[in-house]
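In: sequence first, then the predicted structure, then my questions.
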Amino acid sequence: MSNTSAPDLSNQIIWLTGASSGIGEAIVGELAPLCQRLYISARSENKLLPMTDEFSNVTALPCDITDEQSMKEAAAIIEANDGRLDTLIANAGTCEYVDVNDFDTALFRRVFDTNVMGLVNTTAAALPLLKRSKRGYLVGVSSSVAMLAMPRAQAYGSSKAAITHFLESMKADLKSMDIDVSVVSPGFVKTPLTDANDFPMPMRISAGEAAKEIVAGIEKRHWHIHFPKRFTLILWALGHMPAFLRHRITAAMSRTETAKESN
Ligand SMILES: NC(=O)c1ccc[n+]([C@@H]2O[C@H](COP(=O)([O-])OP(=O)(O)OC[C@H]3O[C@@H](n4cnc5c(N)ncnc54)[C@H](OP(=O)(O)O)[C@@H]3O)[C@@H](O)[C@H]2O)c1
């Protein structure tokens, strides 16, 4: 479902996180020619600067989403330059897979700090500026993995499920302020993040294709921007199967060898 009468992007001030590589970097190429000003964030300033040379309306705003203060300082620069923010695209994220035979709580902390608290910190910094827009817009990048509890996704999958829930709950409370909210659920996209995966990634698309889908969804302010559709619809259908069938399918996907302790 679209949000009604989406504003034109041409006079929009937009802030994009996770812009230094993968999907975010591809979004810069799609979005910069369409909007008034695009602020781009990541920790690696050296990867952001070439994009500011390529597009005169792009400004680098290096920051760390796990650091609340760093996000407030980045937002203060937008406030000083433009006084408002029309759209936040919270795309920065990370992925690590769990080995249940080597259960590592530090891994959970890293993934949740970046994906969940990172989104919270980014939203906290951006919200006062979004409230000053005529029709603010919060976009968060979750994942299609939130539709089905997959093997080894106890950290990544649950962090993305938390993000999807967070965004839907934000949508309820921001409605009265005329701030729209969208959730993005990509399937597999070829980026440095998935290049590290050692398992088959069906229907994987390029970062350029993903960026086109996201920008098209943003232009229409669709609530749920998910792609590639064949993949996300299969995942959605699996996620809505009776639990006993769903559990059989996901257990069959697991490659974990059970290391039972004997006593
Ligand atoms: N690729 C996929 O198949 C896929 C599928 C579903 C969802 N997603 C989601 O899409 C988003 C983008 O992923 P991607 O595949 O494009 O990954 P990527 O190429 O690894 O890019 C991740 C981006 O996030 C930034 N980032 C990570 N930690 C950060 C931090 N603490 N502070 C600031 N920036 C940080 C990175 O920049 P620095 O390292 O320079 O800070 C980088 O720009 C993620 O949220 C991911 O979970 C990806």
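Out: Received the coordinates, thanks. Numbering: from 1, shown residues only.
In: please count neighbours and contacts with C-alpha atoms only from this point.
Out: Noted.
In: what is the neighbour count of the nearest residue to residue 161 once chain neighbours are set aside?
Out: Closest residue to residue 161 apart from its sequence neighbours, by Cα to Cα, 6 or more residues apart in numbering: residue 146 at 4.5 Å. Neighbour count for residue 146, taken as other Cα atoms under 10 Å: 23.
In: I figured residue 146 hits residue 164, correct?
Out: Yes - at 7.4 Å, residue 146 and residue 164 qualify as touching, with contact defined as Cα atoms under 8 Å.
In: gap between residue 18 and residue 237?
Out: Distance of residue 18 to residue 237, given as Cα to Cα, to the nearest Å: 30 Å.
In: stretch 208-220 and the ligand in contact?
Out: No - under the criterion of Cα under 6 Å from any ligand atom, the ligand is not reached by stretch 208-220; the shortest gap measures 9.0 Å.
In: ok, residue 107 to the ligand distance?
Out: 14 Å (Cα to the nearest ligand atom, to the nearest Å).
In: pretty sure that residue contacts residue 94?
Out: No - look at residue 107 against residue 94 with Cα under 8 Å: they stay out of range, at 11.0 Å.
In: which bits of the stretch 1-150 of the chain sit near the ligand?
Out: Residues of the stretch 1-150 of the chain lying near the ligand (Cα under 6 Å from any ligand atom): 18-24, 42-44, 63-66, 91-94, 114, 141-143.
In: low-confidence ranges, the stretch 1-150 of the chain, go.
Out: 1-4 (pLDDT under 70).
In: quick one: contacts of the lengthiest strand in the chain?
Out: Assignment by DSSP state E gives strand 180-186 as the longest strand of the chain. For strand 180-186, the surrounding residues in contact (Cα atoms under 8 Å, 6 or more residues apart in numbering) are 3, 135-145, 164, 167-168, 170-171, 174, 210, 214, 218, 221-228, 232.
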